[in-house]
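sequence first, then the predicted structure:
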Amino acid sequence: MSKFRFLSLRTVLSIVVLAGVSNMQYSLAYEDSVIASTTTQVGSLLYGQTGSTDADIRSSLDASGLPNTLAADDFVVPASGWLIQSVVAFGNVGASGASFDVTIWSDSAGLPGTAICTLAGETNSGTTNNPIINLSTPCGLVAGTYWVSLQHQSPDATGWFWINTTTGITNSPAVWQAPGTFGCPQTWLPLNDVTNCTVQTSPDRQFELYGSVLVSLAASATCNGANLDVTISAGDAPFDITASAGINTPVNSAGIGTTTISGPEKWDNLTVTETTGNLESINLGQFKCRSGEVPTPLTPAHQSHTTNAFPLFSWTAITGASNYRVFVFDDKVVANRTVDIRQNSGGPTSMTLSTPLPNGRLFWRVRGRQNRLWSLWSVRFTLFKDPAPPFTIMTPVPTIDLNPPAGDGLAPTPVPTFPPPPNTR
C-alpha cells in the first residue's frame, strides 16, 4: 500500500449538540499521521481515491447507545467488470473495535440505492485508523456506478472517522446519514449540502478497492469411465456445479481446475455457475457416464430350442444394478417386428416373462440399470420356440377269443364255407 502523510490540522471542523447527547463530535481535529498497513490486501488495485485531507466524518455503529452514523462514496466499474476482494479506507482517531460492516450499493440518481453485497462484521486486517477489509465473500460487479459504505462496529463512543480528499469531487459527492440525530440527515444527503449538519466543501472520502477484472466463464465436461470430469478453465471462483437430475446437492469447486463427480449416472442440464463475480452460468447439457459393465445372457442358451412358453431367463449381475430389463423380439429390423416384449426384473438376475412366447425363431438380450442410467444391451441370443408335439388319446378295444375253453357255455363260431369258383376254362 502507498504511504500518505497528512499535514497537521488543529481545527475542530464541527461539533454537534444532539438531543440528549451533549458535545458529540462528528468530525475531529487532526495531528500529523502516517498511513501504513500491517497486512496485505487481496488482488490488484482497481480503484483509488486518495490525496490531501482537511476533514473527516464519523461512520460507526455504536453499542454504547449513541446514534448510528454511516458514510458512503461512489465509484464507476468499467465494461470489463470487477471482482472486489478488498476494501481499504483511510481514517482518523483509532477505532477501538476490530470489525466493520461493508456494503456495496447500486446507484440511484446520485445516491446509494439497493444493497448489492452486504458483509457484516468483516475483520479489519489493517491499522485502527486505516482498515483493510479482505472481504469474506468477494463482490462481483458488472459495468456501472456503485457506492461503498464502511460502518465501524464500535463497542463504545470512540467510533471511527472517515477522512476526505481535497483533490475534488469524483462522480457524485460522498453522502452521509445519522438517523435519529436531531438536525442531521435521516437518510442519505451529500456531505457538501448546505442543509447538512456537518457541511464539508470537499465531500469525497479516501478509499481504495482491490481485486481482479471479471473473467468470462468457460467450462466443459467429459466422461471418465463411469465418472464425470467437470473442467472449469476460466471464470470468477468459486463455482457451483448443479444438475436438474443426477446431483441433489450443488458440488462446489473452489477454483479453476477439474472436479470429478462419481457415477455411473445420467446428469440432466449440467450447469456451472459462478457464486461471485457477475454470476455467469453455463449449461453444458446432458451427460451419460456408464461403468462399461454389461450383463451376459445365460439361459435360455444361444441357439437353444424349447417348447415352454414361459422359460426362465437368467443372466450375470453387474455392479450396483437396481434392476434389469429383458427384451424379446422376432426380427432384427425394427419395422418388421411382430414380437416386442420388454419386461423389468425388479432386481434379481432371473425371471419368467408374464407374456407367453410365440412359436418361431426369437432373439433376446438384457441390460441393467445403475442409478438413473441403463447399461448397454448385452449380446443377442437366438432362441427357437417350438410348438408342442401332437398327441392322440387311444381308447382300448376289447378282444374276443374265437376258441374259448370247453365248458364256458359259448358255442364255437361256425366257420363259413364257400363253393369252389367256376371253371373259367
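Right, received. Where do you want to start? Numbers count the residues shown, from 1 in each chain.

so how many other residues sit close to the closest residue to residue 355 other than its chain neighbours?
Excluding its sequence neighbours, the residue lying closest to residue 355 (CB to CB, 6 or more residues apart in numbering) is residue 341, at 5.1 Å. C-betas here are computed from N, CA, C, even on glycine. Close neighbours of residue 341, defined as other CB atoms under 10 Å, add up to 17.

paired strands for whichever strand or helix holds residue 341, with orientation please.
Using DSSP states H and E, the element containing residue 341 is strand 340-344. Strand 340-344 sits in its sheet next to strand 321-329 (antiparallel), going by DSSP bridges.

list of residues touching the strand it pairs with?
Applying CB atoms under 8 Å, 6 or more residues apart in numbering, the external contacts of strand 321-329 come out as 295, 313, 315, 337, 339-347, 349, 351, 353, 357, 362-371, 374-375, 377, 383.

would you say residue 305 is within a strand?
Yes - applying DSSP: H, G, I helix; E, B strand; the rest coil, one finds residue 305 inside a strand.

ok, and the closest non-adjacent residue to it?
residue 384 (4.5 Å).

give me phi/psi at the closest residue to residue 62 other than its chain neighbours?
Of all residues not flanking residue 62 in the chain, residue 154 sits nearest, at 4.9 Å (CB to CB, 6+ apart). Per-residue torsions, residue 154: phi -90, psi 130 (degrees, to the nearest 10).

one more: residue 335?
Dihedral angles (degrees, to the nearest 10) for residue 335: phi -70, psi -20.

what's the neighbour count on it?
Here the count is done by other CB under 10 Å, and residue 335 has 5 residues near it.

for the residue sitting nearest the centre point of the chain, name its beta-bridge partners.
Centrality entry for the chain: nearest residue to the mean C-alpha point is residue 242, 3.1 Å, by CA atoms, centre = their mean. Taking DSSP bridges as the rule, residue 242 bridges to residue 271.

and the pLDDT for it?
pLDDT, residue 242: 95.

in terms of contact, does it touch residue 251 like I think?
Yes - the criterion here is CB atoms under 8 Å, and residue 242 meets it with residue 251 at 7.5 Å.

how close does the residue nearest to residue 355 sit to residue 267?
31 Å (CB to CB, to the nearest Å).

then residue 113?
For residue 113, the distance to residue 267 - CB to CB - is 39 Å.

okay but residue 198 is in contact with residue 181, surely?
No - applying CB under 8 Å, one finds residue 198 not in contact with residue 181, separated by 10.3 Å.

circling back: when residue 113 and residue 267 are compared, which one has more neighbours?
Counted by other CB under 10 Å, residue 113 and residue 267 do not tie: residue 267 has more neighbours, with 27 against 15.

SS state for the more buried one?
For residue 267, the assignment made with three-state DSSP gives strand.

which ones are touching it?
Residue 267 neighbours (CB under 8 Å, 6+ apart): 228, 243, 245, 246, 247, 261, 286, 287, 288, 289.

ChimeraX command for the buried members of these?
In ChimeraX, this line selects whichever of those come out buried by 16 or more other CB atoms under 10 Å:
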select :228,243,246,247,261,287,288,289
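
can you map out the helices along the stretch 1-150 of the chain?
Shown for the stretch 1-150 of the chain, no helices are assigned by DSSP state H, counting those that start in this stretch.

hmm, back to that, what sits up against the strand holding residue 341?
Residues contacting strand 340-344 (CB under 8 Å, 6+ apart): 323, 324, 325, 326, 327, 328, 329, 351, 353, 354, 355, 357.

who wins on neighbours among those?
Highest neighbour count within the contacts of strand 340-344, by other CB under 10 Å: residue 324, with 26 neighbours.

distance of the residue nearest to that one when sequence neighbours are not counted relative to residue 322?
Nearest non-adjacent residue to residue 324, counting by CB to CB, 6+ apart: residue 345, 4.3 Å away. According to CB to CB, residue 345 and residue 322 sit 10 Å apart.
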